[in-house]
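S.K.: Everything below, folded, please.
(chains A and B)
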There are 2 protein chains.
Amino acid sequence: MYRLKTDQGKIFKQLVYWTARIIPVSVVTGSLVALFLWLLEWATETRWAHLWIIFLLPVAGVGIYLLYRFFGKDAEAGNNLIMDEIHEPGGGVPIQMTPLVLVSTVVTHLFGGSAGREGTAVQMGGSIAALFSKWYQLAKEERSVLLLCGMAAGFGAVFGTPVTGAIFAMEVLFIGRIKYNALIPCLISSLLAHVVCSAYGIHHTLYSITTRIPAAIVKKGGWELSFDFVLLTKVIVAGIFFGLAGMAFAWLAHTLKKLWKLLIKWDWLIPVAGAVVILSVSYLLGTFDYLGLSVTNPDQQNSIVSAFSYGGVTHWSWLWKLVLTAVTLSAGFKGGEVTPLFFIGAALGNTIAALTGAPADLFAGLGFIAVFAAATNTPVACMIMGVELFGGENILYFAIACFTAYYFSGHSGVYKAQRIDVPKTTIKP
Amino acid sequence: MYRLKTDQGKIFKQLVYWTARIIPVSVVTGSLVALFLWLLEWATETRWAHLWIIFLLPVAGVGIYLLYRFFGKDAEAGNNLIMDEIHEPGGGVPIQMTPLVLVSTVVTHLFGGSAGREGTAVQMGGSIAALFSKWYQLAKEERSVLLLCGMAAGFGAVFGTPVTGAIFAMEVLFIGRIKYNALIPCLISSLLAHVVCSAYGIHHTLYSITTRIPAAIVKKGGWELSFDFVLLTKVIVAGIFFGLAGMAFAWLAHTLKKLWKLLIKWDWLIPVAGAVVILSVSYLLGTFDYLGLSVTNPDQQNSIVSAFSYGGVTHWSWLWKLVLTAVTLSAGFKGGEVTPLFFIGAALGNTIAALTGAPADLFAGLGFIAVFAAATNTPVACMIMGVELFGGENILYFAIACFTAYYFSGHSGVYKAQRIDVPKTTIKP
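M.R.: Alright, predicted model coming up:
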């Protein structure tokens, strides 16, 4: 009993210790994310209003290249640098990362690159946490925990999903496990950053899945079948495609990065070439819907939101977003992969729904979380994100889609610093 | 690209391999759980109708003792035996476990022991899986996976929560981590067993939390606070008490078990003594509400369901259920701990709500999952159970309550075979 008593005391002290250290990190991160989201909205609306601005995308690319060239070569590694620092605390995460990634992401979106926003939020959270851990003079292992909290804070605030933020930070480091090394600290940072970010008046896009799965009760005698196996099959097939799409994205982004270096001698020309490809593809397609975040679009078409209704996207929207995002990010523009992955998934889900006669909103929602689960190898966080964004009624389908997609994305992922703990090819204890 | 291709193929083959092996296990387990739940309802209603039957509880206890003495000494270890077999496949899980635990749990409930039902379901699933793995002639490591699936099937079917069943099986083996060694196989078994169990017409108790947390928006200028910090504080305090209650239960159950052996020379007398204590306490309290499952009661008082309304339980109901269950199980009666843990948590939540002026249904729901999370060290599975049973709106509070309770329950738990991977006393990576 004495041992138990000391355990409780130790745990309590540790939680107080961490809470005190986390509060400033979360408040600063939440505030920065609010500023970032506000700037992002401004950039998106400015681009819509002055579409000619996209012709400056090549120049913007060179600008971002120069920024990173002169002010922060280390910071270029982005999310991977933070993850590496958590795995093995070493050189640290430079604080320049925050202004650099903030400015260059806003520039990317203003001039029409196809990118996300979670990378920026996670990098700001991570580099703020690194700064504070220097001030606190934390030991190596404690620095890792604070970095983890910074990631959770950035993620939770940028999407308005605090529980997902906490689980994501702990799940993304390794393929095949969640380790509860900072369960409560991550949840506190993620929640606090979200509350702070919302306090500035930032609102997150609301999605809704109104389809209720009919109980499909077939009653015969005392027997009843309260489960729709046809729908289940469709969800599993969709899950496989979501996994393959996640894998295809990770593969294309990595391959293009190598290809640019191989084909183009001068590094500063890479973003110019990327920008030219982005603009050319957009002109060939006759639409600029795939530029920027694509959460919504002025024409109410080909956006994440429109993917929740039949006909809201074309059958190939997912592919174009996939290609344009891989080009954008591999050429050196900033912002992260997650929101484009949401788009790719939602659009692919919409297409699969249209082809198989399934509910569009449900399948868009499944794709939204499952392609993300596949590309980042975080199936549990994504299932929980489904609950936080779309409600809990369909958690079973969220689980099936995310877990299936996770298996079928193979072992590559968008984060190279992710390590393998339990390979997917061996289902073993 | 070739390597990726082989990965997908390998994964696909493995999933087909496992699905084929899992289907019979899940169908048999689901059917047995249906039979079990049906018998349990019969036993409960029979006891209500003929209350004098509880005077036979001492005799029933001796019967259970003799059953295990003559037909399955190994099987006595129950859930711990299955967990040990998954950790280190060895002597195997005897198939006698299924009839033994089924009969003795029904006997326990018929004659008025205070016990649960998940232990029975998990043990049936585990021993059925062990039987099939012998027939399949599986290698050691594969046997562990099938046992894990059996546990998931039992858990998913008995509570009607397929996602929770899958996560619980993977989370319960170690304190401090979830390892994705069988993500999809566990989900398939759990879902299939649930569907099969429901097909027999089994319905699970529906709980509902109708309280919606007011957005608590304080708007001043451009600022808004959309979060209720007073409620948050109440939830954290409640979480600490839920954790301590979970720990107290585990401690009392283990301590009583040792105490019986110390005080009573003849093993067969232990259940008799336990039964006498149970009946005496019930008479002293003047209520039989704490006997059996206590999911509902004829007098609509002191049950899990009644704990969701103000005044549905007394301020000490949780303590009496805790004591009576610890006595019941330590004395050799069967059924498992989880449903009583639901009761203890829901009743304690109700009491805390009444004392602090918080919503009774929300706090009953939080206690329901959090005391279970604390005593079994499965915070993520319990958070998900909250979503599956009560809906996703309050997932944030589920997470806060379960994670807090998890930390404050220390390192003991109801399952002795559980191993420690990440201690709670060191928040480290």
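S.K.: Quick one: neighbours of the nearest residue to A:D74 once chain neighbours are set aside, just the number.
M.R.: Using Cβ to Cβ, 6 or more residues apart in numbering or on different chains and skipping the chain neighbours, the partner closest in space to A:D74 is A:P94 (5.3 Å). Backbone N, C-alpha and C define where each C-beta goes, glycine included. By other Cβ atoms under 10 Å in any protein chain shown, the residues close to A:P94 number 17.
S.K.: Which single residue of chain A approaches chain B most closely?
M.R.: Distance from chain B to each residue of chain A (Cβ to the nearest Cβ) is smallest for A:G392, at 2.3 Å.
S.K.: does that residue sit in a helix or strand, and which one?
M.R.: Assigned by DSSP states H and E, A:G392 falls within no helix or strand.
S.K.: just to revisit the earlier point, pLDDT value on the residue nearest to A:D74, please?
M.R.: A:P94 carries a pLDDT score of 88 in this model.
S.K.: right, and it touches A:G126 too?
M.R.: No - counting by Cβ atoms under 8 Å, A:P94 does not reach A:G126; the two are 10.5 Å apart.
S.K.: tell me, what's touching those two both at once?
M.R.: Between them, A:P94 and A:G126 share no contacting residue under Cβ atoms under 8 Å, 6 or more residues apart in numbering or on different chains.
S.K.: Which residue ranges of the stretch 151-300 of chain A form strands?
M.R.: Applying DSSP state E, counting those that start in this stretch to the stretch 151-300 of chain A gives strands spanning A:174-175, A:177-179, A:217-220, A:223-226.
S.K.: where among the ones you listed is the average confidence lowest?
M.R.: Looking at those, the weakest mean confidence is strand A:217-220, a mean of 68.
S.K.: Show me what the longest helix along chain A is packed against.
M.R.: The longest helix of chain A (DSSP state H) is helix A:2-49. Here helix A:2-49 touches helix A:97-110, helix A:118-135, helix A:140-159, helix A:183-199, helix B:229-263, helix B:395-408, going by 3 or more Cβ pairs under 8 Å, 6 or more residues apart in numbering or on different chains; DSSP states H and E.
S.K.: Please produce a markdown table containing those helices, extended by mean neighbour count.
M.R.: Output for the helices and strands packed on helix A:2-49, formatted as a markdown table (neighbours: other Cβ atoms under 10 Å in any protein chain shown):
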| stretch | mean neighbour count |
| --- | --- |
| helix A:97-110 | 24 |
| helix A:118-135 | 26 |
| helix A:140-159 | 29 |
| helix A:183-199 | 27 |
| helix B:229-263 | 19 |
| helix B:395-408 | 28 |
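S.K.: State the distance from A:L293 to A:F159.
M.R.: Look at A:L293 and A:F159: by Cβ to Cβ, to the nearest Å, they are 12 Å apart.
S.K.: An error on my part: the question was meant for A:Q300.
M.R.: A:Q300 is 22 Å from A:F159, by Cβ to Cβ.
S.K.: Likewise for A:D421?
M.R.: Going from A:D421 to A:F159 by Cβ to Cβ gives 25 Å.
S.K.: A:A358: what's it in contact with?
M.R.: A:231, A:234, A:238, A:352.
S.K.: Write out the residues of the stretch 151-300 of chain A neighbouring chain B.
M.R.: A:162-163, A:166-167, A:176-185, A:187, A:191, A:195, A:198-201, A:222-227, A:244, A:247, A:251 (Cβ under 8 Å from any Cβ of the partner chain).
S.K.: which stretches of chain A aren't confidently modelled?
M.R.: Along chain A, the model assigns pLDDT under 70 to residues A:1-6, A:73, A:214-218, A:220-222, A:426-429.
S.K.: Not counting its neighbours along the chain, what's nearest the residue nearest the centre of it?
M.R.: Nearest to the geometric centre of chain A sits A:V338, at 2.7 Å (Cα atoms, centre = their mean). Of all residues not flanking A:V338 in the chain, A:E118 sits nearest, at 3.9 Å (Cβ to Cβ, 6+ apart).
S.K.: what's the spacing between A:P24 and B:G413?
M.R.: 35 Å.
S.K.: Export the helices and strands packed on helix A:2-49 as CSV, with columns for distance to B:V103.
M.R.: Formatted as CSV, the helices and strands packed on helix A:2-49 follow (distance: least, Cβ to Cβ, whole Å):
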stretch, distance to B:V103
helix A:97-110, 64
helix A:118-135, 54
helix A:140-159, 48
helix A:183-199, 40
helix B:229-263, 22
helix B:395-408, 34
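S.K.: follow-up on the earlier one: and the residue nearest to the residue of chain A closest to chain B when sequence neighbours are not counted, how far is that from A:E388?
M.R.: Leaving aside its chain neighbours, A:G392 sits nearest to B:G392 (2.3 Å; criterion: Cβ to Cβ, 6+ apart). B:G392 sits 7 Å away from A:E388, going by Cβ to Cβ.
S.K.: what do you get for A:V380?
M.R.: 13 Å.
S.K.: Between these two, which has more neighbouring residues?
M.R.: The neighbour count for A:V380 versus A:E388, taken as other Cβ under 10 Å, is higher for A:V380 (26 against 21).
S.K.: correct me, but the more buried one touches A:M170?
M.R.: No - with contact defined as Cβ under 8 Å, A:V380 and A:M170 do not form a contacting pair (9.4 Å).
S.K.: Common neighbours of these two, please.
M.R.: A:I178.
S.K.: Am I right that A:G391 is in contact with B:N394?
M.R.: No - judged on Cβ under 8 Å, A:G391 makes no contact with B:N394 at a distance of 11.3 Å.
S.K.: Nearest residue to A:G119 in space, please, no chain neighbours.
M.R.: Nearest non-adjacent residue to A:G119 (Cβ to Cβ, 6+ apart): A:G336, at 2.3 Å.
S.K.: What residue spans form the domains of chain A?
M.R.: Per the record, chain A has its domains at A:2-199, A:217-420, by automatic domain parsing.
S.K.: gap between A:G292 and A:N302?
M.R.: A:G292 is 12 Å from A:N302, by Cβ to Cβ.
S.K.: likewise A:V414?
M.R.: For A:V414 relative to A:N302 (Cβ to Cβ), the value is 22 Å.
S.K.: Near A:R419, how many other residues are there?
M.R.: Residues lying near A:R419 (other Cβ under 10 Å) number 12.
S.K.: before we move on, what about A:D289?
M.R.: Number of residues near A:D289 (other Cβ under 10 Å) recorded here: 23.
S.K.: ok, the closest residue to it other than its chain neighbours - contacts?
M.R.: Spatially, and ignoring its direct neighbours in sequence, A:D289 is nearest to A:N302 (3.7 Å; Cβ to Cβ, 6+ apart). With contact taken as Cβ under 8 Å, 6+ apart, A:N302 is in contact with A:287, A:289-290, A:294, A:312-314, A:317, A:347.
S.K.: Just the closest of those to B:L362, please.
M.R.: For the contacts of A:N302, the minimum distance to B:L362 (Cβ to Cβ) is 36.3 Å, reached by A:G312.
S.K.: Thought A:S306 was touching that closest one, still the case?
M.R.: Yes - between A:G312 and A:S306 there is a contact under Cβ under 8 Å: 3.2 Å.
S.K.: Could you pull out the residues contacting both of the two?
M.R.: Residues touching both A:G312 and A:S306 by Cβ under 8 Å, 6+ apart: A:Q300.
S.K.: picking up where we left off before, could the strands of the stretch 151-300 of chain A be laid out in TSV, adding mean neighbour count and distance to B:S133?
M.R.: TSV is the format used below for these (neighbours: other Cβ atoms under 10 Å in any protein chain shown; distance: least, Cβ to Cβ, whole Å):
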stretch	mean neighbour count	distance to B:S133
strand A:174-175	22	27
strand A:177-179	22	24
strand A:217-220	10	33
strand A:223-226	15	29
